[in-house]
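Undergrad: One predicted model, sequence on top.
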Amino acid sequence: MTGAPANRPPLSLHVPEPRFRPGDAVDYAHVEVPAAGTARRPEPGDAAASFHELSFGLVRVLDNENHAVGPWAPRLSSDMLRQMLRNMALVRAFDERMFRAQRQGKTSFYMKSTGEEAVSVAAAMAMQRDDMCFPSYRQQGILITRDYSLVEMMNQIYSNKGDKLQGKQLPIMYSAKDYGFFSISGNLATQYPQAVGWAMASAAKGDSRIAATWCGEGSTAEGDFHSALTFATVYRAPVIFNVVNNQWAISSFSGFAGAEATTFAARAVGYGIAGLRIDGNDALAVYAATEWAAERARTNAGPTLIEHFTYRAEGHSTSDDPSAYRSADEATGWPLGDPIRRLRDHLIALGEWDLDAHAAQDLELAELVKKAQKEAETNGILGHGLHQPLDTLFDGVFEEMPWHLREQQAQMLAEEEASGRPWARK
């Protein structure tokens, strides 16, 4: 048939558009925030199809009076709650000082996790320390929760002579195998199939360790995300998929990844796996959901996808200016509040904390981070000379260096010697 009927309407494309742009007043009336404690909690081994509504609602524990309510409320000791609060506050103190270091020209790049501290800290505390984490680039809270050295983190950020990665990774892309922290990649969603493969290997060996991985909501549009979920579904891999829906990628909002059509937790429904959509600014909800998903994975009931509904309070990175594409009122108007303040207020409501203690802790942590920075900077800062021996450029790729790289290494060193200013070798 040639030609279209004259009365057929023309096709058109829908182009997602954020609700607020710079200068706009912010109104979050469209964000549905159910009362805390109203979401039911199935048993970790229940069939995924029996609780689809949890992929579309919002699991919340802390209510407006700062009490932990409902079936998801974890029974944590006051000491553990204080430790959780301290870890989150330390992440924020670390971020603040490293952000300033970048602005002072001491490193090239940094990414803060302001407003998202619960996503990494509470999740790490709900897992076993030997479980393997496959993070994205805003989960520094995992390392801090697992007591990784702040100095070592700063050495990596500065790419100095103390950097165990020898300056070969972009700042903040840590790697710490002994702490269950897989190397961060700047390529989106690569960690998802890596986590599934590791989890499948753990199960194949009869181990008891599980994997967890994190990505932003925009990364769910990547092919690696869907390949990973397919394998995890088929083999019931013991893995937790964390989607950090912080509303924004670099300068494009979550609608470009499908947020206008449905939730990101709904991806789980299509794959037949467990899905939870939770308040990502509620540390107790994050802890409870992760603990539940970890038990599900450890009992061979399969993977879980958790959407952490949160908000990126600041720029995507030090290379980003969010005022160019979003309203300045978005962060302050976010209806789910600040995760640190909410947990602080919960402890105060329990009679286990107060504002003076919190202020004193903030000062203590600021000094702790400052001290670590001074120590790290004795090893050098980025851009002030070559901090690693030149021939280490070829290390860490092959177990045995192939002949053509040996030739290239020798040529490089010969040219450096001939220049009259050779860098130190190993």
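TA: Here it is on my side, so go on.
Undergrad: Tell me who's in contact with the closest residue to Arg298 other than its chain neighbours.
TA: Excluding its sequence neighbours, the residue lying closest to Arg298 (CB to CB, 6 or more residues apart in numbering) is Ile210, at 5.9 Å. (C-beta placed from N, C-alpha, C; glycine too.) By CB atoms under 8 Å, 6 or more residues apart in numbering, the contact set of Ile210 is Met127, Gln128, Asp131, Met132, Ala199, Ser202, Pro238, Val239, Ile240, Ala294, Ala297, Arg298.
Undergrad: And for Ala221?
TA: By CB under 8 Å, 6+ apart, the contact list for Ala221 reads Phe256, Ala257, Gly258.
Undergrad: re the thing from before, tell me which of the contacts of Ile210 is nearest to Arg92?
TA: Nearest to Arg92, judged by CB to CB, of the contacts of Ile210 is Met127 at 21.3 Å.
Undergrad: and which of the contacts of Ala221 is nearest to His308?
TA: Nearest to His308, judged by CB to CB, of the contacts of Ala221 is Ala257 at 14.4 Å.
Undergrad: mind showing which ranges of the stretch 301-426 of the chain have poor pLDDT?
TA: 422-426 (pLDDT under 70).
Undergrad: now do 80
TA: In the predicted model, the stretch 301-426 of the chain carries pLDDT under 80 at residues 421-426.
Undergrad: all strands of it, in order?
TA: For the stretch 301-426 of the chain, the strands defined by DSSP state E, counting those that start in this stretch occupy 304-309.
Undergrad: so where do the helices sit in it?
TA: Remark: helices assigned in the stretch 301-426 of the chain by DSSP state H, counting those that start in this stretch are 330-333, 339-349, 355-377, 403-418.
Undergrad: Buried deepest among those helices, which one?
TA: Ranked by mean neighbour count, the helices of the stretch 301-426 of the chain are led by helix 339-349 with a mean of 20 (mean count of other CB atoms under 10 Å).
Undergrad: so what does that one touch, helix or strand wise?
TA: helix 78-103, helix 117-126, helix 283-298 (3 or more CB pairs under 8 Å, 6 or more residues apart in numbering; DSSP states H and E).
Undergrad: Could you rerun that using 7 Å?
TA: Where contact means 3 or more CB pairs under 7 Å, 6 or more residues apart in numbering; DSSP states H and E, helix 339-349 is packed against helix 78-103, helix 117-126.
Undergrad: so which of those helices comes closest to Tyr110?
TA: Across those, the minimum distance to Tyr110, taken as CB to CB, is reached by helix 78-103, at 4.4 Å.
Undergrad: Check which helices and strands the closest one sits against.
TA: Secondary-structure packing of helix 78-103 (3+ CB pairs under 7 Å, 6+ apart): helix 117-126, helix 140-145, helix 339-349, helix 355-377.
Undergrad: export those to CSV and tack on distance to Arg103?
TA: Putting the helices and strands packed on helix 78-103 into CSV (distance: least, CB to CB, whole Å) gives the following:
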stretch, distance to Arg103
helix 117-126, 21
helix 140-145, 18
helix 339-349, 23
helix 355-377, 14
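Undergrad: now for these, which one comes closest to Pro402?
TA: Of all those, helix 140-145 comes closest under CB to CB, at 33.4 Å.
Undergrad: Report the buried residues of whichever helix or strand Ala203 is part of.
TA: When elements are assigned from DSSP states H and E, Ala203 belongs to helix 191-204. By neighbour count on 16 or more other CB atoms under 10 Å, the buried set for helix 191-204 is Gln191, Tyr192, Pro193, Gln194, Ala195, Val196, Gly197, Trp198, Ala199, Met200, Ser202, Ala203.
Undergrad: Next: stretch 170-178.
TA: Leu170, Pro171, Ile172, Met173, Tyr174, Ala176.
Undergrad: still on that earlier bit, find the one among the helices and strands packed on helix 339-349 with the highest mean neighbour count.
TA: Most buried of the helices and strands packed on helix 339-349 by mean neighbour count (mean count of other CB under 10 Å) is helix 117-126; its value is a mean of 28.
Undergrad: So for Tyr158, which of the helices and strands packed on helix 78-103 sits nearest?
TA: When the helices and strands packed on helix 78-103 are compared for distance to Tyr158 using CB to CB, the nearest one is helix 355-377, at 6.2 Å.
Undergrad: List every C-alpha atom in the closest one, with coordinates, as PDB.
TA: Provided in PDB are the C-alpha atoms of helix 355-377 (Å, rounded to 0.1, in the frame of the first residue of the first chain):
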ATOM      1  CA  LEU A 355      22.700  18.700  69.400                       C
ATOM      2  CA  ASP A 356      25.800  19.500  71.500                       C
ATOM      3  CA  ALA A 357      27.100  16.000  71.000                       C
ATOM      4  CA  HIS A 358      26.500  16.200  67.300                       C
ATOM      5  CA  ALA A 359      28.300  19.500  67.000                       C
ATOM      6  CA  ALA A 360      31.200  18.100  69.000                       C
ATOM      7  CA  GLN A 361      31.400  15.100  66.700                       C
ATOM      8  CA  ASP A 362      31.400  17.300  63.600                       C
ATOM      9  CA  LEU A 363      34.300  19.200  65.000                       C
ATOM     10  CA  GLU A 364      36.200  16.000  65.900                       C
ATOM     11  CA  LEU A 365      35.600  14.500  62.400                       C
ATOM     12  CA  ALA A 366      36.700  17.700  60.700                       C
ATOM     13  CA  GLU A 367      39.900  17.600  62.600                       C
ATOM     14  CA  LEU A 368      40.300  13.800  61.900                       C
ATOM     15  CA  VAL A 369      40.000  14.500  58.100                       C
ATOM     16  CA  LYS A 370      42.300  17.500  58.300                       C
ATOM     17  CA  LYS A 371      45.000  15.400  60.000                       C
ATOM     18  CA  ALA A 372      44.700  12.700  57.400                       C
ATOM     19  CA  GLN A 373      45.000  15.300  54.600                       C
ATOM     20  CA  LYS A 374      48.200  16.700  56.000                       C
ATOM     21  CA  GLU A 375      49.700  13.200  56.200                       C
ATOM     22  CA  ALA A 376      48.600  12.300  52.600                       C
ATOM     23  CA  GLU A 377      50.000  15.600  51.200                       C
END
